[in-house]
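Trainee: This is a predicted model, with the sequence first.
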Amino acid sequence: MSTSLFLTEGGVGGHMSHIYDNPDLTFRQMRAIFQAAAQGELEGTEKTDGQNLYISYSVRDGKAKAARNKGNIKQGGLTAQELAAKFAGRGSVEAAFNDAFEIFEIAVNSLPIRKQVDIFGEDANVFYNAEIQDPRNANVINYNTKTLNIHRVGHAAFDRETGTVLDVDVSRSATALEHALTGMQSAVADRDFRIQVNAIRNLEALSDNKSLEVAMQSLESALDDAGVADDETVGDYVLARVVPMVRAYVNLPEENEKLLLKRIMGVKKEEINPNTGKKIRKGISLAQIKRNLDSQQKQLVGKLVADSGNLMQTAIQPIEDIVHDFSVEMLRGLKSAFVLDQETEVKRLRAEVDQAIRAIEKSGNEEAMEVLAKQMSKLKTVENISTAAEGFVFDYDGYTYKFTGNFAPVNQLLGMFKYGRGKIPAMKGIVGEMPLEEKEEGTGRVVALVPGKFKPPHRGHLEMVRHYSRMADVVKVLVSPLAREYDKGKEVTAEDSIDIWQIYIQDAGLTNVEVMRSPKNSPVGAAFDFVANETNNASFAQPGDEIILGTSTKGGDQSRFAGNVQKYARDAVTILDPMEYAFDASAEDALSATDFRNALATGEDIFRWIPESSHQNEDKIKNVLAEPEKKTLTMEGLFSLVEGVLTEREMTKGDKNRETRLKKKMDKDPNIKQDFIDRYGKEEGEKIYFATIRKRSMKEEEEEDIEEASSMARGSVAGYSGRGKSEDEGLIREEE
């Protein structure tokens, strides 16, 4: 079995899946892949650990063009000057991208115009998927040579208007590029950056059949346990495992169960949006599944849908473990073509991971320990780090797959150790290094602050955070605590926003991003507090830190940080010019959280707002947004509702002197007023706060009026335990 010269499946980047990710792969085919690999017959390329860049050339303009995203494609690609401006001020990142692109342009200019047209079209019509591997800008693996490595997947012709891939065979153009590379390399032979197409190679055969036999026997056992045959697919296996999990949890009529299973499995169908005429991918709604069910069944169905991701992960886990363990054995003999001393690099990786493990264990952080346990179940021991290659990419039956072995757990552990993860702080310094807070001035972190409402966050927001994650040691996303309503009884809360951010970040593999609820209603105001750090908060700015205040190039956005922020910063904290590092908003489609909320309210497919890396978690994201925040109506909650239904006459009857005394008493605890503001917003919160004071100042004879108002409130909130704050506010507005 052999790979085609250039593979173009899988969209813009040539999507590479693990073999267990393809629901249509039969287990007979999976066995054939194992067999071919073990016998040294699996042909493919090394998977490398660099920075991605799409490259082309405009013969009409006589300039090389680059793209990092769909927005760049739509504008015809970035010139060398535009690419340099995009990465300006980012040190080794800037140098790596600029040098690689400069070499590429010189090399292409050395070709005859006829050859340039054959490869790229007349005006950058075909873009090639490439990766920059530069020792100055290493990720996990330290490469020895500066290389612009052109992949064998992901090359495509694009529609300039939409930025989407055209259904055009570019294999002839790709072959022409490979044939021209020798001449291109000669043109830049005096430079220290080489250009190449990732070499086709075979995975080395296993020295004996032990690992193959273990994989085959384990696979047989897993299939027997699930009652699945060799001719059935990965999708059949997952379904066979999910069904008993669902039935053990809830008993449903056959039709409802089928709909639930389709929802959990992510089954969608294409429909035409009657309003726009565009195709949309529509899944099964919760309302469809819950039709004709009793209240308990509805509640259990909601919990199952919310936990779909975990159910699917649990279902596929036995197969994932088998593939992972086999991949580790297959990659033991794989030597990276870009690392000169394989043994030294492997030892370095083992030492770094060992340090990370000890730091995580010493931290006592329970969440970090859970991540460690999960990754160590795959890695098992640092001695299993046996290769300096990230992995191996191969083609089978028209699909592109990858073996990555232990690179994934190594990447996860080192990322958490160096940069933290979610609420887990960075742990570099706990073992074998001076703690961060004790470092000398000037040796601190580069911290990017990205404040915003994010109700809800969309893929444009993620791209902005991704932009800053590449240039900063840590990115802190500050989410406004104020909720935004999108439909009657439904709202996006700060907690919803944070939950969705965590999905995005994990799916995107951003290990140096932390999302937190802003301690102030204005997250921009919280950013000022962060740099001042008057309370000496360990998670806020520390001496030696350099702060990038997140902003974008869209009109007026820079005004959020107008004025001299430096004067608010604590000693030895440097504020960098925000606009020098600003996110290029023009590179992204015009997306807004308002449109996202409107789509939720109308039931429109939200696929286009979700980052591509999180498409598989669309249902999980929808569930976060669809369910109102659950609350129990406490006496204090009822008390607030009473205030909403009191008339102006009732609220002004109280003893003014007593009201003043009460206000002074309540003002001694600023948290009381702030609680109302955080829950209802400034205007409504202050109104209810003062109404509370007035009510408490009422005289004994007014209690009948209060009881009448309480009855009104109780009647309006029957079954309130499942309602959200927005319904509460709606009641207040309605009664007023």
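Mentor: Here it is on my side, so go on.
Trainee: what comes up buried for the longest helix along the chain?
Mentor: As assigned by DSSP state H, the longest helix anywhere in the chain is helix 308-331. Buried residues in helix 308-331, counting neighbours by 16 or more other C-beta atoms under 10 Å, are found at 308, 311-312, 315-316, 318-320, 322-331. Backbone N, C-alpha and C define where each C-beta goes, glycine included.
Trainee: same thing with stretch 30-48?
Mentor: Buried residues in stretch 30-48 (16+ other C-beta under 10 Å): 30-31, 33-38, 42-48.
Trainee: Poorly predicted segments of the stretch 351-500 of the chain, please.
Mentor: 428-444, 489 (pLDDT under 70).
Trainee: Show me which helix or strand of this structure is least confident by mean pLDDT.
Mentor: Using mean pLDDT, DSSP states H and E, helix 725-735 stands out as the lowest-scoring helix or strand of the chain, at a mean of 30.
Trainee: where do the helices sit along the stretch 351-500 of the chain?
Mentor: 366-379, 407-419, 459-469, 494-508 (DSSP state H, counting those that start in this stretch).
Trainee: would you list those in TSV and tack on mean neighbour count and distance to residue 569?
Mentor: Compiled in TSV, the helices of the stretch 351-500 of the chain are given as follows (neighbours: other C-beta atoms under 10 Å; distance: least, C-beta to C-beta, whole Å):
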stretch	mean neighbour count	distance to residue 569
helix 366-379	16	30
helix 407-419	22	22
helix 459-469	23	18
helix 494-508	21	26
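Trainee: And those: which comes nearest residue 136?
Mentor: Taking C-beta to C-beta, helix 407-419 is the member of those nearest to residue 136, at 17.5 Å.
Trainee: tell me what the helix or strand containing residue 258 is packed against?
Mentor: Residue 258 belongs to helix 254-265 when assigned by DSSP states H and E. Applying 3 or more C-beta pairs under 8 Å, 6 or more residues apart in numbering; DSSP states H and E, one finds that helix 254-265 makes contact with helix 234-249, helix 286-290, helix 295-306, helix 308-331.
Trainee: Would you mind pulling up the elements that the second one packs against?
Mentor: Here helix 286-290 touches helix 254-265, helix 295-306, going by 3+ C-beta pairs under 8 Å, 6+ apart.
Trainee: Same check on the first one?
Mentor: Judged by 3+ C-beta pairs under 8 Å, 6+ apart, helix 234-249 is in contact with helix 27-38, helix 210-226, helix 254-265, helix 295-306, helix 308-331.
Trainee: Which positions in that helix come out as buried?
Mentor: Using 16+ other C-beta under 10 Å as the test for burial, helix 234-249 gives 234, 236, 237, 238, 239, 240, 241, 242, 246.
Trainee: How about the shortest one?
Mentor: Residues of helix 286-290 classed as buried by neighbour count (16+ other C-beta under 10 Å): 286, 289, 290.
Trainee: Kindly reformat these as JSON lines containing pLDDT and distance to residue 64.
Mentor: Formatted as JSON lines, the buried residues of helix 286-290 follow (pLDDT from 0 to 100; distance: C-beta to C-beta, whole Å):
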{"residue": "286", "pLDDT": "86", "distance to residue 64": "50"}
{"residue": "289", "pLDDT": "92", "distance to residue 64": "52"}
{"residue": "290", "pLDDT": "92", "distance to residue 64": "55"}
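Trainee: Of those residues, which is the nearest to residue 475?
Mentor: Nearest to residue 475, judged by C-beta to C-beta, of the buried residues of helix 286-290 is residue 286 at 33.3 Å.
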